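Student: no FASTA, just this:
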């Protein structure tokens, strides 16, 4: 796999529960009676396969789809009696909007009972509560990374995420690596001794607080995420780093300087490329190559391209700007 890091990682032959994802589904009540539509990508990134294995470990039926094709997936929900959907929050909203446009409002025409939603910053819990109240469904989430699979899962009546048994978690000062007391925000640092892919004190780059500890001194429950350490920006569940943009720009010498802006329009994250061309060049000659290289190096589709003059982008302007919460 190419994790959102990006780090190249193996799929373990003896993995039978999707790096622990079965814990999350079992806690949400998923079992042999369920048909689960999995819209997470099975291509390169580990999310689709790990969720697939976790669902199968509960005895539920998996319907593997990956992202995209909302109208076809909406039909699958109706025709196959899907009871649970796994999706990013944005794509799930797209799915239910599609169902409503097709004349099938919930709950009358659906058998859907629960949804595993990918997390967002901002008032994500408020968005979940609104979905639950409007559509009479239960939402649940998990804290996971491409490196570890499941780190923590939600439990009814408890804030944040309970750490799954095969993970050792500390909340540490991002600069020193020293573990912090409960209630202090720091970087989530995880250890796993899984055969074939052990990781020791691996910093995830995510920020949270420790809520509770176990008898061994490790954190047993963490708060909802509070942000990211460093320069990475998360867009559509993929981390973008300035170095990804630099690697792309090396292949397009016609661009003098550039900036990628991540913003939000309603529930969708928008990627905009702002570029300054070398003197005497026209945008039409390179825009197709730009979009293809963006998809190759950033691993996401570019939404918009803005060609600007040099005065509109300072020479020392940041390569990557996060405007999702503005």
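Tutor: Yep, that arrived. As the structure is a prediction and not an experimental result, all values here were calculated from the model. Residues are numbered from 1 along each chain as shown.
Student: from the chain's centre, how far out does the host helix or strand of residue 207 sit?
Tutor: Element membership for residue 207 (DSSP states H and E) is strand 199-213. Centroid separation for strand 199-213 versus its chain: 17 Å, with C-alpha atoms, centre = their mean, to the nearest Å.
Student: same thing with stretch 131-150?
Tutor: Once both centres are worked out by C-alpha atoms, centre = their mean, stretch 131-150 turns out to sit 11 Å from its chain's centre.
Student: so who does the spatially closest residue to residue 236 that is not a sequence neighbour touch?
Tutor: Leaving aside its chain neighbours, residue 236 sits nearest to residue 269 (5.5 Å; criterion: C-beta to C-beta, 6 or more residues apart in numbering). C-betas here are computed from N, CA, C, even on glycine. Counting by C-beta atoms under 8 Å, 6 or more residues apart in numbering, residue 269 touches 90, 235, 236, 262, 263, 324.
Student: please flag which of those residues sit within helices.
Tutor: residue 90 (DSSP state H).
Student: out of the contacts of residue 269, which are inside strands?
Tutor: Using DSSP state E to define strands, the subset of the contacts of residue 269 located there is 235, 262, 263.
Student: what's around the second one, how many residues?
Tutor: Using other C-beta atoms under 10 Å, residue 262 has 20 other residues around it.
Student: measure stretch 259-277 end to end?
Tutor: End-to-end distance for stretch 259-277, by C-alpha to C-alpha, to the nearest Å: 12 Å.
Student: buried sites along it?
Tutor: Within stretch 259-277, the residues that qualify as buried by neighbour count (16 or more other C-beta atoms under 10 Å) are 259-264, 269-277.
Student: could you give me the average pLDDT of it?
Tutor: The predicted model gives stretch 259-277 an average pLDDT of 92.
Student: now it, how far from the chain's geometric center?
Tutor: Distance, centroid of stretch 259-277 to centroid of chain: 18 Å (C-alpha atoms, centre = their mean).
Student: next one: stretch 306-318
Tutor: Remark: stretch 306-318 is offset 30 Å from the chain centroid, using C-alpha atoms, centre = their mean.
Student: beta partners for the residue nearest to residue 236?
Tutor: Per DSSP bridges, the residues bridged to residue 269 are residue 264.
Student: could you measure from it over to residue 90?
Tutor: Residue 269 sits 7 Å away from residue 90 when distances are taken as C-beta to C-beta, to the nearest Å.
Student: same check on residue 143?
Tutor: On the measure of C-beta to C-beta, residue 143 and residue 90 end up 18 Å apart.
Student: okay, now the unreliable bits of the chain?
Tutor: In the predicted model, the chain carries pLDDT under 70 at residues 4-6, 120-123, 326.
Student: tell me the domain ranges of it?
Tutor: What the record gives for the chain is the domain set 21-144, 159-228, 233-322, from automatic domain parsing.
Student: winner for burial among those?
Tutor: Comparing these by mean neighbour count (mean count of other C-beta atoms under 10 Å), domain 21-144 comes out on top with a mean of 19.
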